[in-house]
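Chemist: Quick one, structure for this:
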Amino acid sequence: MYKLDNLPKRNSLKNRTRVGRGHGSGLVKTSGRGQTGQKSRAGGNIPPDFQGVGISFFRRIPKLGGFKPLNKITYSAVNVSDLNRFDDGAEVTVDLLKDAGLVRKKDKHVKLLGGGDLEKKLTVTVHKWSKTAEEKVQKAGGQLNQA
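Modeler: Residues are numbered from 1 along each chain as shown. A predicted model of the protein is given here:
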């Protein structure tokens, strides 16, 4: 039931057109479908990708992607400078990086990259690291461990 505070917009409520229901409706014999053709017949549905003639669009465009390995491992990257938020002497693990918001929760593997500088002595446990990241962690007095 409508009240003054929730009236529908003008002309927004229209009754459904009932086709094939007498001459007064204006849609009698063919019910607005036209005389002949595939669309006039029952069950004459045309798939959305149908074009009529020639090769359809999805067969004309080049195929994208190519080979996708099923067991590909993707690494979430963390820079050395991001580790400065942890306390001096802390043990930084993948779970700690997830809790700090540096790595997404669903990411399983982490790689430490050498961007920026590290001012704290940390013990970092990650899956992979770059040479520059290893040099910067060892220069700060910390060490890297394999996760």
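
Chemist: Pull out the buried residues from stretch 137-147.
Modeler: 137, 140, 142, 144 (16 or more other CB atoms under 10 Å). To be clear about C-beta, it is placed using only N, CA and C from the backbone, and glycine gets the same treatment.

Chemist: Can you read off the pLDDT for the last one?
Modeler: The model reports residue 144 with a pLDDT of 93.

Chemist: could you check the distance from it over to residue 134?
Modeler: Counting by CB to CB, to the nearest Å, the gap from residue 144 to residue 134 is 6 Å.

Chemist: now the helices: where do they sit in this protein?
Modeler: 57-60, 94-100, 131-139 (DSSP state H).

Chemist: Okay, and which of the buried residues of stretch 137-147 map to strands?
Modeler: Within the buried residues of stretch 137-147, residues falling in strands by DSSP state E are residue 144.

Chemist: right, and out of the buried residues of stretch 137-147, which lies closest to residue 69?
Modeler: residue 144 (27.3 Å; CB to CB).

Chemist: what sits against the closest one?
Modeler: 112, 124-126, 129, 133-134, 137-138 (CB atoms under 8 Å, 6 or more residues apart in numbering).

Chemist: Mind putting these into JSON lines with pLDDT and distance to residue 25?
Modeler: Shown next, in JSON lines, are the contacts of residue 144 (pLDDT from 0 to 100; distance: CB to CB, whole Å):
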{"residue": "112", "pLDDT": "95", "distance to residue 25": "73"}
{"residue": "124", "pLDDT": "93", "distance to residue 25": "76"}
{"residue": "125", "pLDDT": "94", "distance to residue 25": "75"}
{"residue": "126", "pLDDT": "94", "distance to residue 25": "72"}
{"residue": "129", "pLDDT": "95", "distance to residue 25": "75"}
{"residue": "133", "pLDDT": "93", "distance to residue 25": "76"}
{"residue": "134", "pLDDT": "93", "distance to residue 25": "80"}
{"residue": "137", "pLDDT": "92", "distance to residue 25": "80"}
{"residue": "138", "pLDDT": "92", "distance to residue 25": "85"}
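
Chemist: Fine by me, we can end here.
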